[in-house]
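pasting the sequence and the predicted model now:
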Amino acid sequence: MPFIGAALDFGSQVNDGENLVDATNKTILHAVSGVIVGTVIAGTSISLAPVWVGVVATVAVGFIANTVIDTIYDNAPSIIGKGLESAGNFFGGLFK
């Protein structure tokens, strides 16, 4: 039931002080990553393992994926800005 998880994810983010736009965007990204992680793990040979192994693997990989997504989402403006600044300095230095 990805909808229940998404609703809980959205509610907990808003409750923690995230604004509605960011909470919505992160919830969508988390839901998509959850579907991808679940599909990949279910489609691999790990599906031949006991169910609890698949559940633990899905939760662990999903947690890591969502942590990475949140870090990139929260820091994207500074990451992009620093990258553009570095590129501008590099190319600007070529023409001095």
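Looks like it arrived, so ask away. Keep in mind that this is a model prediction, so the values were computed, not measured.

so which residue is smack in the middle of the protein?
Ile69 (2.5 Å; C-alpha atoms, centre = their mean).

once you drop chain neighbours, what's closest to that residue?
Leu29 (5.0 Å; C-beta to C-beta, 6 or more residues apart in numbering). (Each C-beta comes from the backbone N, C-alpha and C, glycine too.)

gap between the longest helix along the chain and the chain center?
Longest helix in the chain by number of residues, with DSSP state H as the criterion: helix 51-94. Mean C-alpha position of helix 51-94 versus that of the full chain (C-alpha atoms, centre = their mean, to the nearest Å) differs by 8 Å.

and if you look at stretch 20-30?
The answer for stretch 20-30 is 10 Å, by C-alpha atoms, centre = their mean.

hmm, who's touching that stretch?
By C-beta atoms under 8 Å, 6 or more residues apart in numbering, the surrounding residues in contact with stretch 20-30 are 6, 9-10, 13-14, 18, 66, 69-70, 73.

same thing but 7 Å
Contacts to stretch 20-30, defined as C-beta atoms under 7 Å, 6 or more residues apart in numbering, come from residues 6, 9-10, 13-14, 66, 69-70, 73.

for those, which two are the farthest from each other?
The two members of these with the most space between them (C-beta to C-beta) are Val14 and Ile69, at 17.3 Å.

list phi and psi for Asp16.
phi -80, psi 0 (degrees, to the nearest 10).

pLDDT value on it, please?
We have a pLDDT of 92 for Asp16.

next, count neighbours for it.
Counted by other C-beta atoms under 10 Å, the residues lying close to Asp16 total 8.

next: the one 5 residues further on.
The burial metric for Val21, expressed as a neighbour count using other C-beta under 10 Å, is 8.

how close does it sit to Thr44?
Look at Val21 and Thr44: by C-beta to C-beta, to the nearest Å, they are 35 Å apart.
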